[in-house]
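Chemist: build me a model:
(chains A and B)
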Amino acid sequence: AQKITQTQPGMFVQEKEAVTLDCTYDTSDPSYGLFWYKQPSSGEMIFLIYQGSYDQQNATEGRYSLNFQKARKSANLVISASQLGDSAMYFCAMREETSYDKVIFGPGTSLSVIP
Amino acid sequence: DAGVIQSPRHEVTEMGQEVTLRCKPISGHDYLFWYRQTMMRGLELLIYFNNNVPIDDSGMPEDRFSAKMPNASFSTLKIQPSEPRDSAVYFCASSPIPSGANTGELFFGEGSRLTVL
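Modeler: Numbers count the residues shown, from 1 in each chain, chains lettered A, B, ... in the order given. Here you go, the predicted structure:
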């Protein structure tokens, strides 16, 4: 069963606007971590932001923030002030402690920033 | 640190040949992961190791695939015999143990692009 869902295969955003990329997950583990990675067309995987299941506050890293709603099991990535260089694939991932720290990825969302 | 190092970056081979992909994780990392990325199936976890011991190989497609980690600084993923459907980008990633301020994020290599003709 797929544990991570990213329902938006493709998204468009105007340069300088904010965009939200959705991620929902399924776990019964009380201790887990959620990650977002960016993969530009060059292919490398770039870590963006992390949220722990016990963290009380939403994570932020520069223009990236994570809208963590634990009860709804969602961890949406918000990119503020989009730039052309933000055009890439974005993957949500989950690491579950009771699954021996297995890390699985969602199917990804392709983001295109329009000038 | 040099980061996770994978080789070869590109491999083109013919169906039936043996393929060996190599990975050197970041020194001090306890976990090593192998992923396969295709357009159709996305990023699939094939196998991962903790302290050189395989923890979960349920993602390995079939017996043609095997992975080893003989020591903390080296891992291989072998496909024998290779088939055209194995064509993909294979990523190796390493991570420390998640603990305290350490998130346990994965550090990825640049990937090995395999084409099987």
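Chemist: and stretch A:43-56, anywhere near chain B?
Modeler: Yes: Stretch A:43-56 is in contact with chain B by C-beta under 8 Å from any C-beta of the partner chain, via A:Gly43, A:Glu44, A:Met45, A:Phe47, A:Tyr50, A:Gly52. Any C-beta I mention is one placed from the backbone N, CA and C, and that applies to glycine too.
Chemist: now a PyMOL select for only the buried ones of those.
Modeler: Buried residues among the residues of stretch A:43-56 next to chain B (16 or more other C-beta atoms under 10 Å in any protein chain shown), as a PyMOL selection:
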select buried, chain A and resi 45+47+50+52
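Chemist: turn the residues of stretch A:43-56 next to chain B into TSV, including secondary structure.
Modeler: TSV is the format used below for the residues of stretch A:43-56 next to chain B (DSSP: H, G, I helix; E, B strand; the rest coil):
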residue	secondary structure
A:Gly43	coil
A:Glu44	coil
A:Met45	coil
A:Phe47	strand
A:Tyr50	strand
A:Gly52	strand
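Chemist: show me where chain B has strands.
Modeler: Counting by DSSP state E, chain B has strands at residues B:5-7, B:10-13, B:19-24, B:31-38, B:42-50, B:53-56, B:65-71, B:74-79, B:88-95, B:107-108, B:112-116.
Chemist: contacts only, for B:Pro81.
Modeler: By C-beta atoms under 8 Å, 6 or more residues apart in numbering or on different chains, the contact list for B:Pro81 reads B:Met15, B:Gly16, B:Gln17, B:Glu18, B:Arg64.
Chemist: go through those and name the one nearest chain A.
Modeler: B:Arg64 (22.6 Å; C-beta to the nearest C-beta).
Chemist: correct me, but that closest one touches B:Glu83?
Modeler: Yes: in this structure, B:Arg64 is within contact of B:Glu83 by C-beta atoms under 8 Å, at 7.4 Å.
Chemist: how about the strands of chain B in a markdown table, adding mean neighbour count, distance to chain A and mean pLDDT?
Modeler: Shown next, in a markdown table, are the strands of chain B (neighbours: other C-beta atoms under 10 Å in any protein chain shown; distance: least, C-beta to the nearest C-beta, whole Å; pLDDT from 0 to 100):
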| stretch | mean neighbour count | distance to chain A | mean pLDDT |
| --- | --- | --- | --- |
| strand B:5-7 | 17 | 11 | 98 |
| strand B:10-13 | 14 | 11 | 97 |
| strand B:19-24 | 19 | 14 | 98 |
| strand B:31-38 | 23 | 6 | 97 |
| strand B:42-50 | 20 | 4 | 96 |
| strand B:53-56 | 14 | 5 | 95 |
| strand B:65-71 | 15 | 15 | 97 |
| strand B:74-79 | 19 | 16 | 98 |
| strand B:88-95 | 23 | 7 | 98 |
| strand B:107-108 | 20 | 4 | 98 |
| strand B:112-116 | 19 | 8 | 98 |
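Chemist: could the ones you listed go into JSON lines alongside distance to A:Ser80?
Modeler: What follows is the strands of chain B, written out as JSON lines (distance: least, C-beta to C-beta, whole Å):
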{"stretch": "strand B:5-7", "distance to A:Ser80": "33"}
{"stretch": "strand B:10-13", "distance to A:Ser80": "37"}
{"stretch": "strand B:19-24", "distance to A:Ser80": "35"}
{"stretch": "strand B:31-38", "distance to A:Ser80": "28"}
{"stretch": "strand B:42-50", "distance to A:Ser80": "26"}
{"stretch": "strand B:53-56", "distance to A:Ser80": "37"}
{"stretch": "strand B:65-71", "distance to A:Ser80": "40"}
{"stretch": "strand B:74-79", "distance to A:Ser80": "38"}
{"stretch": "strand B:88-95", "distance to A:Ser80": "28"}
{"stretch": "strand B:107-108", "distance to A:Ser80": "25"}
{"stretch": "strand B:112-116", "distance to A:Ser80": "33"}
